[in-house]
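A.B. asks: I'd like to go over a predicted model; first the sequence, then the structure.
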Amino acid sequence: MRILLVEDEKRLADALEYIIKKNHFAVDVAYDGISGQDMAESGIYDLIILDRMLPGRDGLDILRHIRAQGSKVPV
């Protein structure tokens, strides 16, 4: 399973990344909304953990955008 974590608070993102990896999942991290949306649009993720308040683009905007493109990945 490949997970995308979009979280702008670096310490929280690092802690979550550590926990996810410790449980033997692949995880990629984006620290802002713009790169998070770009990564989400790639279609390679099985799950997206998405913060709402992000620099560059709001998490809800990202969710609306990927849903409008037909993505059904759990968020």
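C.D. replies: In hand now; what should we look at? Numbers count the residues shown, from 1 in each chain.

A.B. asks: hey, let's count contacts and neighbours off CA atoms from now on
C.D. replies: Will do.

A.B. asks: Looking at this protein, which helix is longest?
C.D. replies: helix 10-22 (DSSP state H).

A.B. asks: How about residues contacting whichever helix or strand comes after it?
C.D. replies: Next in sequence after helix 10-22, counting helices and strands by DSSP states H and E, comes strand 26-30. For strand 26-30, the external contacting residues (C-alpha atoms under 8 Å, 6 or more residues apart in numbering) are 1-8, 13, 17, 20-21, 36, 39.

A.B. asks: tally of neighbours for Leu54?
C.D. replies: 19 (other C-alpha atoms under 10 Å).

A.B. asks: any idea how far Lys22 is from it?
C.D. replies: As judged by C-alpha to C-alpha, to the nearest Å, Leu54 and Lys22 stand 26 Å apart.

A.B. asks: Same question for Gly36.
C.D. replies: 22 Å.

A.B. asks: between those two, which one's more packed in?
C.D. replies: Between Gly36 and Lys22, counted using other C-alpha under 10 Å, Gly36 has the larger neighbour count: 26 against 10.

A.B. asks: Now for the more buried one: which residues touch it?
C.D. replies: Contacts of Gly36 by C-alpha under 8 Å, 6+ apart are Val6, Val29, Ala30, Ile62.

A.B. asks: Ok, Pro74 next?
C.D. replies: Per C-alpha under 8 Å, 6+ apart, neighbours of Pro74: Asp46, Leu47, Ile48.

A.B. asks: These in strands, which ones?
C.D. replies: Leu47, Ile48 (DSSP state E).

A.B. asks: any residues touching stretch 37-51, and which ones?
C.D. replies: 1-8, 30, 59, 62, 66, 71, 73-75.

A.B. asks: List the buried residues of that stretch.
C.D. replies: Gln37, Met39, Ala40, Glu41, Tyr45, Leu47, Ile48, Leu50, Asp51 (16 or more other C-alpha atoms under 10 Å).
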